[in-house]
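> Predicted model and sequence follow; I will ask about them next.
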Amino acid sequence: MRAALLLAVVASLPGCHWLRPAQPAVQGTLLAPKAVADTAANMQPRLLAEGWRCEDGRILGTRVLPGLKTVELRIDNLRRIVPQVASASGTRFEDPDWLFWNRGAQAMLQRKPGPPVYCNEVRALSLVEDARARGITFRGQGGIPGWLLEVGPDNRVVLSGAPGNGTLDDRLEWPDLAPAPGPVYGSTRYTAQAGGRRHVILVLPDPCVDELSGARFPSAVLVEVDGRRMRGCGTPIAP
């Protein structure tokens, strides 16, 4: 509601309309179909990292580093690289201070000498961790029709599944699309063209609730393609 109200306020301001930027739009490229990450029902088939919710309330991010037989643990601001050790079942990583063991969607985490806690993989958290591993700095999504926005690394912007782009398997990519200040304090606007269509993306620092899942996000996203508007939610992703 608040994001929609902000949009209405912006649209009513004389000389200040986020759909009419002063700068010319940047031309993008329509890419061949390629599997990309989801909304609720469409996910990348293989993720580079995973997110876990533990029974003590902690959120854990893990990334198995390829070729090194180690896992990177992310808990709040803590990062720890832990080597893999032999295990009778599942995959076990352990050093003198930490233990992480997982089998499928279940895991155990221990900071020694404290007791172990049990964790479950959460797909929404895993999608954020996967995006972080790929250098994504912002991830937005919406449903009906499903679409996905990813920003990063640097000024790369990918929009999948927007009106006129087909399904989530069809992507538009702008390798270097610089952001501009949006009409609301703290907001960011991207303006571009691809396939003869005009694309305007506005990211608002406004709490958002996903209409399909009920999940809460720290940012709202508004996308317009040739006059058709879509609303979704998003998450800034720290490195």
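Thanks, I have the structure now. These numbers were taken from a predicted model, which means no experiment stands behind them.
> going forward, measure contacts and count neighbours with C-alpha atoms only.
Noted.
> so where's this structure uncertain?
Applying pLDDT under 70 to the chain flags residues 1-45, 145, 162-169.
> For Ala131, see how far away the most centrally placed residue in it is.
Taking Cα atoms, centre = their mean, the centroid of the chain lies closest to Arg139, which sits 2.8 Å from it. Going from Arg139 to Ala131 by Cα to Cα, to the nearest Å gives 8 Å.
> Overlap of the contact sets of the two?
Here Arg139 and Ala131 share the contacting residues Ile237, scored by Cα atoms under 8 Å, 6 or more residues apart in numbering.
> coming back round to it: ok but the residue nearest to the centre of the chain is inside a strand, no?
Yes: per DSSP: H, G, I helix; E, B strand; the rest coil, Arg139 lies within a strand segment.
> Name the SS class of the closest residue to it other than its chain neighbours, please.
Of all residues beyond its chain neighbours, the one nearest Arg139 is Glu150 (4.7 Å), with distances taken as Cα to Cα, 6 or more residues apart in numbering. Counting by three-state DSSP, the backbone at Glu150 sits in strand.
> OK, contacts around Glu150?
Glu150 neighbours (Cα under 8 Å, 6+ apart): Ile136, Thr137, Phe138, Arg139, Gly140, Val157, Val158, Leu159.
> Now distance to Asp176 too, for the residues you listed, in JSON lines please.
Putting the contacts of Glu150 into JSON lines (distance: Cα to Cα, whole Å) gives the following:
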{"residue": "Ile136", "distance to Asp176": "14"}
{"residue": "Thr137", "distance to Asp176": "14"}
{"residue": "Phe138", "distance to Asp176": "15"}
{"residue": "Arg139", "distance to Asp176": "17"}
{"residue": "Gly140", "distance to Asp176": "18"}
{"residue": "Val157", "distance to Asp176": "7"}
{"residue": "Val158", "distance to Asp176": "10"}
{"residue": "Leu159", "distance to Asp176": "13"}
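> Now for these: which two are most distant?
Greatest spatial distance among those (Cα to Cα): Thr137 and Leu159, at 14.0 Å.
> So for the two, which residue has more residues nearby?
Neighbour totals were compared for Thr137 and Leu159, and Leu159 leads with 23 against 20 (other Cα atoms under 10 Å).
> Neighbours of the residue nearest to the more buried one when sequence neighbours are not counted, how many?
Leaving aside its chain neighbours, Leu159 sits nearest to Leu149 (4.7 Å; criterion: Cα to Cα, 6+ apart). A total of 25 residues lie near Leu149 under the criterion other Cα under 10 Å.
> now swap in Ala107 and tell me
Ala107, neighbours per other Cα under 10 Å, totals 20.
> thinking again about what came up before, tell me who's in contact with the residue nearest to Leu159.
With Cα under 8 Å, 6+ apart, Leu149 has these contacts: Phe138, Arg139, Gly140, Gln141, Val157, Val158, Leu159, Ser160.
> quick one: which of those residues is nearest Gln106?
Arg139 (25.4 Å).
> What separation do you get for the closest one and Leu78?
On the measure of Cα to Cα, Arg139 and Leu78 end up 22 Å apart.
> Cool, thanks, signing off.
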